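Colleague: here is a sequence together with a model predicted from it:
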Amino acid sequence: MAKIATITLNTAYDLVGRLKRIELGEVNTVETLGLFPAGKGINVAKVLHDLDVAVAVSGFLGEENQGDFSQLFKTLKLDDKFQRVPGKTRINVKITETEADVTDLNFLGYQIDDASWAKFVADSLNWSQDFDVIAVCGSLPRGVSPEQFTAWLNQLGQHGVKVVLDSSHAALTAGLKANPWLVKPNHRELEAWIGKPLHNLEQIIAAAKQLKAQGIANVIISMGAEGSVWLSDQAVVQARPPKCENVVSTVGAGDSMVAGLIYGISQGWQQAQTLAFASAVSAFAVSQSNVGISDRTLVDDILQQVQINVIEG
Ligand SMILES: Nc1ncnc2c1ncn2[C@@H]1O[C@H](COP(=O)(O)OP(=O)(O)OP(=O)(O)O)[C@@H](O)[C@H]1O
Ligand SMILES: O=P(O)(O)OC[C@@]1(O)O[C@H](CO)[C@@H](O)[C@@H]1O
């Protein structure tokens, strides 16, 4: 069985709620409440755990409010390789409006000093050699520069480990320079990378091909309810999940997709089967407020409805 780790450099508590409509400048009463230890890599690990896969988790945690994280790792038996640093892990606020998308308020968290970063780099390069797949997910904390991130990712990929990158903005741009083994930008992130709007699937595939050509073996572009497309050395495959009619929260949909991809790859599945499964896991994710697979039979039901289209290969 493949050994898998996820790394979240900028962990977060997610404060998740729902209301009809946000009135800017007014007092808004939020109808539901959830507070979850999260951050992209931790979300990926939670989903993999629910699929019965053993996972190690790493990155940074603020020592002042680490309690719920440490508890989660114990409960889920995740191998805790997090480095504790002075200060607090940030809290990110996610509000779903009944007839709109999620509004994210992502706060700034702890500051990483040079000594902490140097320790993390040395430790992670050491333990990473025991792993087959390492997913590096989310934004950079304050104190870690894009250049430092690229240099570390380059080293991480040198021992044959498959590096999966799921990030955005500066961390994505910097991470892409290290040519990870697999990346999963969404449609908007791909537009930002190429520097122009992409209006249809043809344009998205053309841009993704350009990204792949720089030396990335697997490029998966997620497109929200429209599904996703995966370019590998073998094929270009598109997946369309059934549209979720009752979207509760799209927070973590991308993370669930990454977990589903890693799961299929670690099982040795073919590209189409892996993408179909990842699509089902992510489509299921939008029907709930927390991240994870609470009902595997529902995922299997969705899987039956995923449409797969081999575009090339
Ligand atoms: N409304 C929906 N109905 C069905 N499936 C969905 C819906 N929204 C998202 N998905 C599934 O989730 C996948 C990832 O969604 P998306 O492209 O929004 O990722 P993302 O932007 O990385 O997400 P995140 O909000 O977690 O950062 C999609 O490719 C699709 O399979
Ligand atoms: O600021 P980042 O690291 O890019 O994203 C952080 C975050 O929005 O990503 C997850 C959902 O994908 C949430 O759990 C978390 O709050």
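Modeller: Now that the structure is in, tell me what you want to look at. Note that the structure is a prediction, hence the values are computed from the model and not measured. Ligands and ions are numbered 1, 2, ... in the order given.
Colleague: in the stretch 1-150 of the chain, which residue sits nearest ligand 1?
Modeller: residue 102 (7.0 Å; Cβ to the nearest ligand atom). Any C-beta I mention is one placed from the backbone N, CA and C, and that applies to glycine too.
Colleague: spit out the contact partners of that residue.
Modeller: Contacts here follow Cβ atoms under 8 Å, 6 or more residues apart in numbering; on that basis residue 102 touches 94, 95, 96, 249, 250, 251.
Colleague: same deal with residue 216?
Modeller: Applying Cβ under 8 Å, 6+ apart to residue 216 gives the contacts 176, 179, 180, 181, 182, 183.
Colleague: from those residues, which are also near ligand 2?
Modeller: Counting by Cβ under 6 Å from any ligand atom, nothing from the contacts of residue 216 sits close to ligand 2.
Colleague: quick check: of the residues you listed, which has the highest neighbour count?
Modeller: With neighbours taken as other Cβ atoms under 10 Å, the top of the contacts of residue 216 is residue 183, carrying 27 neighbours.
Colleague: what's the neighbour count on the nearest residue to that residue once chain neighbours are set aside?
Modeller: Of all residues not flanking residue 183 in the chain, residue 165 sits nearest, at 4.8 Å (Cβ to Cβ, 6 or more residues apart in numbering). Neighbour count for residue 165, taken as other Cβ under 10 Å: 25.
Colleague: just checking, residue 165 touches residue 134?
Modeller: No: contact criterion Cβ atoms under 8 Å: residue 165 and residue 134 do not qualify, at 9.7 Å.
Colleague: and stretch 149-166, does that touch ligand 2?
Modeller: No: taking Cβ under 6 Å from any ligand atom as the criterion, stretch 149-166 and ligand 2 are apart, separated by no less than 8.3 Å.
Colleague: gap between the two ends of that stretch?
Modeller: End-to-end distance of stretch 149-166 (Cα to Cα, to the nearest Å): 13 Å.
Colleague: where do the strands sit along the protein?
Modeller: 4-8, 12-19, 34-38, 55-62, 79-85, 90-97, 102-105, 133-137, 162-166, 182-183, 218-222, 228-231, 236-240, 307-312 (DSSP state E).
Colleague: mean pLDDT added to these, as CSV?
Modeller: Below are the strands of the chain laid out as CSV (pLDDT from 0 to 100):
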stretch, mean pLDDT
strand 4-8, 98
strand 12-19, 93
strand 34-38, 94
strand 55-62, 98
strand 79-85, 98
strand 90-97, 93
strand 102-105, 92
strand 133-137, 98
strand 162-166, 98
strand 182-183, 98
strand 218-222, 98
strand 228-231, 98
strand 236-240, 98
strand 307-312, 96
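Colleague: dump the ones you listed into CSV; add distance to residue 273 as well.
Modeller: Formatted as CSV, the strands of the chain follow (distance: least, Cβ to Cβ, whole Å):
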stretch, distance to residue 273
strand 4-8, 18
strand 12-19, 31
strand 34-38, 28
strand 55-62, 21
strand 79-85, 28
strand 90-97, 31
strand 102-105, 30
strand 133-137, 17
strand 162-166, 18
strand 182-183, 16
strand 218-222, 14
strand 228-231, 11
strand 236-240, 10
strand 307-312, 9
